[in-house]
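S.K.: Got a predicted structure here, sequence first:
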Amino acid sequence: MIGSCPDIEFTVVKLAQQIANPLNEYYQTEFHLYKYLLNTYKYWIIYNRLSNESVVVHFDSDWV
């Protein structure tokens, strides 16, 4: 899965795994995700291809 919001993707996948038998804690998690999305929908990252700035990405490859 390719995406730009791994925190949201992780939460959605975990909620989807519990859809057959949801508990109260999953409703609370869904509510928190909903609030997060409502409060952050206007944040954008805009990349200008003509600028001399570069995007640097760091990741931890030993999650095994």
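M.R.: Great, that's in hand. Numbers count the residues shown, from 1 in each chain.
S.K.: only C-alpha atoms for contact and neighbour calcs from this point on.
M.R.: OK.
S.K.: So for the helix or strand where residue 11 lies, mean pLDDT?
M.R.: Under the criterion of DSSP states H and E, residue 11 resides in helix 6-17. Taken as a whole, helix 6-17 has a mean pLDDT of 83.
S.K.: following it, which helix or strand shows up next?
M.R.: helix 24-40.
S.K.: Which neighbouring elements make contact with that following helix?
M.R.: helix 6-17 (3 or more C-alpha pairs under 8 Å, 6 or more residues apart in numbering; DSSP states H and E).
S.K.: Pull out the buried residues from the helix it packs on.
M.R.: residue 15 (16 or more other C-alpha atoms under 10 Å).
S.K.: which helices and strands sit right next to the helix holding residue 11?
M.R.: Applying 3+ C-alpha pairs under 8 Å, 6+ apart, one finds that helix 6-17 contacts helix 24-40.
S.K.: Now do the helix it packs on against helix 6-17, angle only.
M.R.: Relative orientation of helix 24-40 versus helix 6-17 (axes from the mean of the first three to the mean of the last three C-alpha atoms, to 10 degrees): 150 degrees.
S.K.: if we can go back for a sec, any idea how far the helix holding residue 11 is from the chain center?
M.R.: Centroid displacement of helix 6-17 relative to its chain, using C-alpha atoms, centre = their mean, to the nearest Å, is 8 Å.
S.K.: Distance of the residue nearest the centre of the chain relative to residue 52?
M.R.: Central residue of the chain (C-alpha atoms, centre = their mean): residue 8, 2.4 Å from the mean position. Between residue 8 and residue 52 the computed distance is 30 Å (C-alpha to C-alpha, to the nearest Å).
S.K.: No further queries at this time; thank you.
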